[in-house]
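*Asks:* Got a sequence here, can you model it:
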Amino acid sequence: MVNVPGLNVLFAALICGGIGASVLLLVVAVRGTVPDPTRPPNRLQALLQRPRSPLLMLRLAAGLLLAVLIFVVTRWPVAAVGLGGLVAFWPALMGGSKEEQQQIVRLEAVVTWCEALRDTTTGHAGLEQAIPATAQNAAPAIRPALLRLTGQLRSKVPLDQALQDLAEQLNHSADLIIAALQMNVRTRGDGLVGVLTNLAVAGREELDLRRKITASRAGDRRAVQLMLGIVLAVATFLVLFSHTYTAPYRSVAGQVVLAVVMGLFATSFAWIRKLASAKPATPFLPRAGQQVDPMEQRLITALTTGPEPAAMAGTPRAGAR
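*Replies:* Residues are numbered from 1 along each chain as shown. Next up, the predicted model:
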């Protein structure tokens, strides 16, 4: 039989952990930290900055009611808190498909806009005329950002600065396209149509790949939800009809063991959720205060100016002395 640590030992472990965390916080406070404005927000900051869903309060209320009901029936505070938190934060553990679908919709909208912009500039139209012409018929996912860009152009905002604002509005999902447009504005090269064509083809290939990955992840999410449903059904049956088996969990040590078990389950589900979630687009354009990589800038310049101007820039003229 496994010997469960006594209550005094558990309290001593908690006190030692609290002292260690206090010392760590003291060291961090003494040394100080230098904020980096170019660093993306961490998970906690992103969670606090995320727009609140209208169903969040409903889930919190349902989780609270379920926690009270479970505590009244079982007198197990750990089970009440765990299952109540499962209901309240269900999307954080079992969701992810909606966010993935939104990324696909936005990517498709960006690729369609890239194709429309390529077709418009093929007719020898400048970007100042092509962007407003394509903004009206853009997909709803990116139309507000493009209409904002159109308004900035009409307000005589420099196109380079307006494109940088567009990248932030689109959450850096169109950085490659916007980078090509910015370098074309600076260099006025004639290779923009070819670059937009290649970017549109690459975007369509990425879109097909993401759809296949999303379809495969849907099966994994259903398997995890089915496994969770079976575990909860078995646990409910044991609590209601097998009091002898669940009797050890009525003690303090039993609640500690139950907390460990539920923590392992929550960690495994969160890990599966992380593996099945789609990562956001990596920013290609520099953020505020971030320097541009010279190699990337030369690469985009060479693509948007074409081979002939690049070759002429390094070749001396025939009449030069």
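*Asks:* Give me the distance between whichever helix in the chain runs longest and the centre of its chain.
*Replies:* Determined from DSSP state H, the single longest helix within the chain is helix 192-241. Computed by C-alpha atoms, centre = their mean, to the nearest Å, the chain-centroid distance of helix 192-241 equals 14 Å.
*Asks:* can you pull the contacts of residue 206?
*Replies:* By C-beta atoms under 8 Å, 6 or more residues apart in numbering, residue 206 lies in contact with residue 107. Every residue, glycine included, has its C-beta placed from N, CA and C.
*Asks:* Okay, now the unreliable bits of the chain?
*Replies:* For the chain, the stretches with pLDDT under 70 are 1-11, 32-54, 92, 95-96, 124-125, 189, 276-321.
*Asks:* switch the cut-off to 50
*Replies:* Residues of the chain that meet the criterion pLDDT under 50 lie in 1-2, 4, 38, 306-321.
*Asks:* where's residue 190, which helix or strand?
*Replies:* In this assignment (DSSP states H and E), residue 190 forms part of neither any helix nor any strand.
*Asks:* buried stuff in the helix or strand following the longest helix of the chain?
*Replies:* Next in sequence after helix 192-241, counting helices and strands by DSSP H and E, comes helix 243-246. Buried residues in helix 243-246, counted by 16 or more other C-beta atoms under 10 Å: residue 246.
*Asks:* Show me how far the next helix or strand after helix 243-246 is from its chain's centre.
*Replies:* Proceeding N to C from helix 243-246, the next assigned helix or strand is helix 252-276, under DSSP H and E. Taking C-alpha atoms, centre = their mean, the mean C-alpha location of helix 252-276 is offset from the chain mean by 24 Å.
*Asks:* now stretch 58-71
*Replies:* Chain-centre distance of stretch 58-71: 29 Å, with C-alpha atoms, centre = their mean.
*Asks:* same check, this time on stretch 234-243
*Replies:* Using C-alpha atoms, centre = their mean, the offset of stretch 234-243 from its chain centre is 39 Å.
*Asks:* Quick check: buried residues in that stretch?
*Replies:* Judged by neighbour count (16+ other C-beta under 10 Å), stretch 234-243 contains these buried residues: residue 239.
*Asks:* contacts for it?
*Replies:* Outside stretch 234-243, the residues touching it (C-beta under 8 Å, 6+ apart) are 73, 74, 245, 246.
*Asks:* Let me see the contact set for the second one.
*Replies:* Taking C-beta under 8 Å, 6+ apart as the contact definition, residue 74 lies against 80, 239.
*Asks:* likewise the one 3 residues further on?
*Replies:* When contacts are counted by C-beta under 8 Å, 6+ apart, residue 77 touches 71, 255.
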